[in-house]
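Enquirer: any chance you could fold what I've pasted below:
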Amino acid sequence: MRSNIVKKGFDKTPHRSLLRATGLKDEDFEKPFIGVANSFIEIIPGHFFLNEVSKIIKDEIRANGCVPFEFNTIGVDDGIAMGHEGMLYSLPSREIIANSIETVMNAHMLDAMICIPNCDKIVPGMIMGALRVNVPTVFVSGGPMKKGYTKDGKPIDLTTAFEAVGQFNQGEIDEDELFDIECNACPSGGSCSGMFTANSMNTLMEAMGIALPGNGTILALTKEREELYRKAAKRVCEIALDERFKLRNIINEKAINNAFAIDMAMGGSSNTVLHMLAIAKEAGVNFNIEDINKISQNVSHIAKIAPSLETVHMEDIHKAGGVSAVMNEISKRENEILHLDNLTVTGETMGERVKDADIKDTKIIHTIDNPYSKVGGLAVLFGNLAQEGCVIKTAGIVGERRFEGEAICFNSQQEAISGIVGNKVKPGHVVIIRYEGPRGGPGMQEMLSPTSLIMGMGLGASVALVTDGRFSGATRGLSIGHVSPEAAEGGLIGLIENGDKITIDVDTYEIHAHLDEIEIQARQAKFEPIKKKIKSSWLKQYRQLVTNASSGAVLKTDED
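Expert: Modelled structure (predicted):
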């Protein structure tokens, strides 16, 4: 046992004495020590109940002959942090979470781990940290929340609430309607009910094989979810001393490809690109942003979920067969993309896991013969405006897939919000929001507020948005993020001026500013990137170390 380092031998008398102070008995020193990494925090709807979840898991671990040690990570609720300087801390929190997992597990030499994430940066942060530790690990999320309903029975979610702000600003709804949406969009605990970042990552954990079937779709706070917690806790005890299930043996190149394939099939959040690139790096997998389009071109988009389709939510996907049904369906034609021979944490191959998972409702999960699109729900565009790539959630496009318009530029998200609310943005505009990348923000803010305002004000089909920042999974419209290189590192997005012509063509994976090389060089000669003044010591450290979005926004070390 790895934990023998802290519990065996006469020289570990002080160590055992400290462990006895926590309640351990003689017999406990012969058992595997299991880290229970919990992300309980009271301000996040997907996490406020996880203290009760960990009790269930710890009881099950004890019942299966192991010793649980619970510890916690931090968490940021992106929805609450949205639209103000609090969002600067969201993406950096991923690194804190990864570092905390590594720190606790390696400082105490625990044998195995079960991770309890749910929302936003917490899932990838835990995965990244767990990959560094590389012990047998099972992930089990808190689960998605129910969809909400207005008083007249219309299904709604967090996107509805954000877009309602724009509708109210335009006078399209009144205060009573706005309040109705506010009170009902998020009706219960759980990760927000659509295919936003949290639920995207929770489904991708299934696709990678590090979580049990149902992890991405079984509703939070249900008996079915409780049974999943118990199964996950039992499983971590079964594999605690089995080196075959070290996390890097599960998350390999095949698993990364499987995750992106399911991402394409289900139209996941564009943030998954950022996080999966970072996860691939931690796993030692050579996967580049250019590889994403190769997968997208060979995977049909067969499940459309809010915000892309307003009436369908995670509970509907679960009833229709869940992630396993999606994987089984796309495997019927796309075996070269989906690696069914890869090992899962439950011991079977992915093919064995999903072979009997049939679609139960083809109106919710389409067949490969009747897809929403023959290509995946995410795409990476390249061109002079994004030489290292930028990302669009094609599943959420409203209007045409090719757009040409004139730039209107804003040097921060707040500046853009003021411009949109002030009716400066008109049909035909390409809204440029810059200096919001990982370094420029710093912290790479999500742009749900401006994109929701654009949608709520009826401009979704007539305006494009391009940013070196990123988007919430709840974003929809012709919204292009992660532009790399970013403005703060001298990218062309920093040189764009009002009135410049921009062409976006999703089907040819191109984004282009109509500027010749002479003009670009002239602008570069006088260009000085804006460096925002910040007080935070942590964000100053982050700005010095962070790479751009096409590198997963991971932090550099002196070995990089």
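
Enquirer: drop to CA atoms for contacts and neighbour counts, all remaining ones
Expert: Fine.

Enquirer: where exactly do the helices run in the stretch 451-560 of the chain?
Expert: Secondary structure of the stretch 451-560 of the chain by DSSP state H, counting those that start in this stretch: the helices cover 517-525, 537-545.

Enquirer: please identify the deepest-packed of those helices.
Expert: Sort the helices of the stretch 451-560 of the chain by mean neighbour count, taking mean count of other C-alpha atoms under 10 Å, and helix 537-545 sits at the top with a mean of 15.

Enquirer: quick one on the thing from earlier: could the helices of the stretch 451-560 of the chain go into CSV alongside distance to Met276 and mean pLDDT?
Expert: Supplementary listing: those in CSV, determined by distance: least, C-alpha to C-alpha, whole Å; pLDDT from 0 to 100:
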stretch, distance to Met276, mean pLDDT
helix 517-525, 33, 96
helix 537-545, 19, 96
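
Enquirer: can those go into CSV with extra columns for distance to Glu404?
Expert: Shown next, in CSV, are the helices of the stretch 451-560 of the chain (distance: least, C-alpha to C-alpha, whole Å):
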stretch, distance to Glu404
helix 517-525, 20
helix 537-545, 33
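
Enquirer: relative to Thr13, which of the ones you listed is closest?
Expert: Across the helices of the stretch 451-560 of the chain, Thr13 has its closest neighbour in helix 537-545 (38.3 Å, C-alpha to C-alpha).

Enquirer: which residues of the stretch 1-150 of the chain fall in strands?
Expert: In the stretch 1-150 of the chain, the strands defined using DSSP state E, counting those that start in this stretch lie at 33-38, 67-72, 112-116, 137-139, 148-149.

Enquirer: can you give the distance of the strand ranked longest in the chain from its chain's centre?
Expert: With secondary structure taken from DSSP state E, the chain has its longest strand at strand 402-410. Distance of strand 402-410 from the chain centroid (C-alpha atoms, centre = their mean, to the nearest Å) equals 27 Å.

Enquirer: show me which positions of that strand end up buried.
Expert: Counting neighbours by 16 or more other C-alpha atoms under 10 Å, one finds that the buried residues in strand 402-410 are 403-410.

Enquirer: just checking, what packs against it?
Expert: Where contact means 3 or more C-alpha pairs under 8 Å, 6 or more residues apart in numbering; DSSP states H and E, strand 402-410 is packed against strand 429-433, strand 501-505.

Enquirer: adding mean neighbour count and mean pLDDT, write those strands out as JSON lines.
Expert: Formatted as JSON lines, the helices and strands packed on strand 402-410 follow (neighbours: other C-alpha atoms under 10 Å; pLDDT from 0 to 100):
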{"stretch": "strand 429-433", "mean neighbour count": "26", "mean pLDDT": "97"}
{"stretch": "strand 501-505", "mean neighbour count": "20", "mean pLDDT": "97"}
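
Enquirer: which residue lies nearest the spatial centre of this protein?
Expert: Nearest residue to the geometric centre of the chain (C-alpha atoms, centre = their mean): Thr197, 3.8 Å.

Enquirer: how deep is Gly153 tucked in, by neighbour count?
Expert: Residues near Gly153, counting by other C-alpha atoms under 10 Å, number 8.

Enquirer: tell me the phi and psi of Asp343?
Expert: I think there's a mix-up here, since residue 343 is Leu and not Asp. In this entry, Leu343 is assigned phi and psi values of phi -70, psi 140 (degrees, to the nearest 10).

Enquirer: quickly list what it is bridged to.
Expert: Beta-bridge partners for Leu343, by DSSP bridges, are Thr349.

Enquirer: how many neighbouring residues does the closest residue to Arg94 other than its chain neighbours have?
Expert: Residue nearest to Arg94 in three dimensions, not counting chain neighbours: Gly125, with 4.5 Å by C-alpha to C-alpha, 6 or more residues apart in numbering. By other C-alpha under 10 Å, the residues close to Gly125 number 27.

Enquirer: show me what contacts Gly125?
Expert: Shown in contact with Gly125 (C-alpha atoms under 8 Å, 6 or more residues apart in numbering): 93-98.

Enquirer: again, only using 6 Å
Expert: Going by C-alpha atoms under 6 Å, 6 or more residues apart in numbering, Gly125 touches 94, 97-98.

Enquirer: out of those residues, flag the one nearest to Pro155.
Expert: Pro155 lies nearest to Arg94 out of the contacts of Gly125, by C-alpha to C-alpha, at 31.5 Å.

Enquirer: could you report the pLDDT at that closest one?
Expert: The score at Arg94 is 98. That number is its pLDDT.

Enquirer: so where's the stretch 51-200 of the chain uncertain?
Expert: Of all residues in the stretch 51-200 of the chain, none has pLDDT under 70.
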